[in-house]
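Novice: What would the 3D arrangement of this be:
(one chain, ligands or ions: 2)
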Amino acid sequence: MHAFSTAHDASQRSFDVAIIGAGPGGYSAALRAAELGLRVALIDRNPHPGGTCVHRGCIPTKALIQATQTLDNIQSAERYGISAHITHIDYGAMHNYIRTMVRETSQGVSGLLAFRGVQYFTGTASVSLQHELSENTASATPAESSSAVPPNASSDNSSDALSDACFTVTIEPPQPTQSQAATSSSPSQQHESTQITARHVILAVGSQAKPLYVQGGPLAWNQSLLNSTGALALTEFPQSAIIIGSGVIATEFASLWNQAGVDVTMIVRGKGLLNSADRRVSTVLTRELQRQGVRIINHRQVVKLETGVNLGVRMELADTATSTAPETAPQATSSQSSETLEAEIALVAIGRAPHTHASWIQDLHITQELPSDTHTTTAPISVDSHYQTRIPGLFAIGDCIAGPQLAHRAFAQGISVAEYIAGIASQPAQEHSIPRIVYASPEVALIGLTKEQASKQPQYYDIHETIYPMTANARTHMLGQTGSITVVSASIHDDIHSEEQPIVIGIHMVGPHVSEFASTAQYIVGHALSVHEASQYIFPHPTFSEALGEALLKADGRPLHMR
Ligand SMILES: Cc1cc2nc3c(=O)[nH]c(=O)nc-3n(C[C@H](O)[C@H](O)[C@H](O)COP(=O)(O)OP(=O)(O)OC[C@H]3O[C@@H](n4cnc5c(N)ncnc54)[C@H](O)[C@@H]3O)c2cc1C
Ligand SMILES: NC(=O)c1ccc[n+]([C@@H]2O[C@H](COP(=O)([O-])OP(=O)(O)OC[C@H]3O[C@@H](n4cnc5c(N)ncnc54)[C@H](O)[C@@H]3O)[C@@H](O)[C@H]2O)c1
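Specialist: Ligands and ions are numbered 1, 2, ... in the order given. Okay, here's the model as predicted:
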């Protein structure tokens with residue numbers, strides 16, 4: 001039986017790979033590296049693996065969505081001739097259900113790590129180089145050319161392989177809580193740090209919610225001004241909530257709280273939700289949430305915000321653009337130049353910053369230049385196409401590097417980097433077709449380029465957009481819901497594709513259950529299938545996924561169930 005423990009005898013202190021952070025990036029790299037025979041240490045502050053995704057992200061939010069969708073299903077049962085009404089919500093039981101989903105998912109990961117012999121350390125890690133790097137070994141920027149030669153860290157001859165360990169990882173144990181400190185008989189032991197060495201280190205340290213800057217400073221989180229972690233910790237649904245932001249987290253919470261009967265107002269800096277997405281998807285989603293009762297106030301920013309114990313939150317808004325009026329007027333007082341809103345809580349969801357502020361990360365000089373946006377205090381780690389930083393043997397993956405912050409992207413990167421370290425010619429994760437999903441009602445799935453984005457890339461010409469309304473789909477019609485699919489196709493200047501065969505470069509969907517067939521869209525876009533080839537797929541009838549088949553037939557000039 002392999003150990004999933006914190007036992008630290010000398011033989012267990014030298015590793016082929018040490019991984020900092022046990023979220024999706026870190027634990028997937030650990031599982032794959034161990035499977036390939038490497039000796040792996042995985043370190044996280046949290047004794048339970050899973051990171052943001054399992055403890056504060058994907059899993060609890062989707063469990064909560066499962067619960068609120070059930071509320072919504074009951075409320076819409078009348079449509080099917082079923083009389084049902086909700087008599088009571090047991091918030092304690094709902095929270096137990098969510099906590100159980102989180103605990104069981106984390107336990108599942110723990111079991112896998114133990115099975116593969118990954119050694120897990122609980123504590124806060126910092127990394128230093130064992131030897132000063134010479135000018136020749138570290139480059140100012142990550143070297144793309146290094147990608148051709150995997151470092152081959154097989155531990156077959158582990159004593160030889162480990163004798164030239166490059167990195168020291170210091171692990172500080174978690175600080176005891178006040179009650180633990182009071183009851184502990186040997187408090188000094190809890191403060192002992194551990195050191196391990198490794199030939200390779202993977203940083204998978206994740207990200208954290210960006211605070212809102214008002215009047216020049218960041219606002220501190222409290223019981224009324226929440227980020228997504230605070231919102232998940234609420235013990236019952238609030239009466240009213242203001243959501244600042246219009247991205248993925250803002251949209252998912254607006255949708256689920258609205259389904260739970262919360263009075264939701266969204267404050268949007270630009271116009272509409274997911275404003276960098278395909279414009280039709282954004283329009284349909286915005287319209288649907290408004291139809292369901294979410295108030296969306298466009299072109300506004302918060303200029304003043306007050307909170308207090310039991311006072312809720314009160315904020316003053318100002319126009320970000322003078323030309324366009326808000327689509328929906330706020331409930332509270334309003335003047336020409338500013339307006340005031342009040343609610344029980346406010347959720348700030350304006351993006352997540354890489355978790356790179358620690359001084360040891362700064363000392364390694366591996367982060368990008370800070371963007372000119374003065375409200376960004378941490379920068380992503382720079383890596384080459386194999387996720388290696390400018391320091392050979394030091395890698396970074398997941399939310400702490402630039403790109404979409406998604407668990408499935410972190411999984412793919414974790415597998416890729418582990419294979420590269422093990423000496424396998426690995427494929428970096430295919431970034432351009434990674435599906436981005438919003439689990440709102442309706443769901444959104446975004447794959448590849450929008451028409452606007454493609455028009456800025458010179459290799460594409462004859463760019464076309466085909467729009468298929470999901471109301472023409474039988475299953476969507478049965479639900480009484482709506483949706484839309486946009487297929488973006490173009491011809492391309494390259495040696496592989498002929499001019500007569502336009503290829504599919506983007507698929508953008510909003511509608512019920514679209515997340516479930518996003519990977520079909522990813523396959524089509526990722527493999528640059530021609531529109532004609534893609535339209536040959538046979539989708540089962542009657543399914544929601546059939547809508548994608550119909551959209552592709554239409555893009556190929558052969559529409560079936562539409563004119
Ligand atoms: C509310 C919410 C909902 C989300 N829903 C989805 C979703 O449905 N689908 C999806 O694909 N993505 C979702 N995400 C994004 C997803 O959670 C992240 O993209 C993913 O967790 C990133 O994985 P990671 O391994 O890079 O980092 P993380 O999961 O953040 O893990 C980093 C880990 O590193 C540890 N750590 C950091 N520094 C140290 C240190 N010095 N020493 C020891 N440990 C350290 C942290 O404790 C943490 O456990 C959601 C995010 C949020 C906030
Ligand atoms: N379903 C999923 O896959 C899922 C779910 C939740 C979170 N996530 C990930 O978590 C990350 C963070 O999510 P998020 O929703 O916080 O970020 P986001 O990047 O999706 O959206 C941020 C939004 O905030 C707006 N914004 C930025 N600064 C602002 C300001 N000062 N005032 C008002 N609005 C401002 C932006 O215009 C943007 O619309 C995302 O990158 C996402 O990939 C994924």
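Novice: these two touch, right, K210 and I350?
Specialist: Yes: with contact defined as Cβ atoms under 8 Å, K210 counts as touching I350 (5.4 Å). C-beta coordinates here come from the backbone N, C-alpha and C atoms, glycine included.
Novice: per-residue pLDDT, R558?
Specialist: Predicted confidence (pLDDT) for R558: 96.
Novice: actually S323, not the one I wrote
Specialist: Looking at S323, its pLDDT stands at 37.
Novice: now swap in V102 and tell me
Specialist: With respect to pLDDT, V102 scores 98.
Novice: That one: which element?
Specialist: Taking DSSP states H and E as the criterion, V102 maps to helix 91-115.
Novice: Would you tell me whether that helix gets close to ligand 1?
Specialist: No: Helix 91-115 does not reach ligand 1 (Cβ under 6 Å from any ligand atom); its nearest approach is 10.4 Å.
Novice: From the chain's centre, how far out is that helix? Work that out for me.
Specialist: Mean-position distance between helix 91-115 and its chain equals 19 Å (Cα atoms, centre = their mean, to the nearest Å).
Novice: Tell me which other helices or strands it touches.
Specialist: When contacts are defined as 3 or more Cβ pairs under 8 Å, 6 or more residues apart in numbering; DSSP states H and E, helix 91-115 packs onto helix 24-35, helix 51-56, helix 58-75.
Novice: pull the CA atoms of the second one into PDB?
Specialist: It stands for helix 51-56. Extracted as PDB, the C-alpha positions of helix 51-56 are listed here (Å, rounded to 0.1, in the frame of the first residue of the first chain):
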ATOM      1  CA  GLY A  51      -7.600  23.200  -4.700                       C
ATOM      2  CA  THR A  52     -10.000  25.900  -5.700                       C
ATOM      3  CA  CYS A  53     -11.900  23.700  -8.100                       C
ATOM      4  CA  VAL A  54     -12.900  21.100  -5.500                       C
ATOM      5  CA  HIS A  55     -13.200  23.200  -2.400                       C
ATOM      6  CA  ARG A  56     -14.300  26.700  -3.600                       C
END
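Novice: quick one: low-confidence ranges for this structure?
Specialist: Across the chain, residues meeting the criterion (pLDDT under 70) sit at 1-11, 132-165, 177-190, 321-337, 371, 373-376, 495-500.
Novice: Nearest residue to the middle of it?
Specialist: Central residue of the chain (Cα atoms, centre = their mean): L406, 3.0 Å from the mean position.
Novice: Run a quick check on that residue versus E431, I expect a contact.
Specialist: No: with contacts defined as Cβ under 8 Å, L406 does not count as touching E431, sitting 10.4 Å away.
Novice: Show me what the strand or helix carrying A454 is in contact with.
Specialist: Taking DSSP H and E as the definition, one finds A454 inside helix 451-455. Contact with helix 451-455 is made by 278-279, 460, 463-465, 486, 488, 490, 505-506, as judged by Cβ atoms under 8 Å, 6 or more residues apart in numbering.
Novice: mind listing what L560 touches?
Specialist: L560 neighbours (Cβ under 8 Å, 6+ apart): 550, 553.
Novice: How about the secondary structure of the nearest residue to S441 once chain neighbours are set aside?
Specialist: Excluding the flanking residues, the one nearest S441 by Cβ to Cβ, 6 or more residues apart in numbering is S255, at 5.1 Å. Using DSSP: H, G, I helix; E, B strand; the rest coil, the three-state assignment for S255 comes out as helix.
Novice: Now the helix holding V102: buried residues?
Specialist: By 16 or more other Cβ atoms under 10 Å, the buried positions in helix 91-115 come out as 94-95, 98, 101-102, 105-106, 109-110, 112-114.
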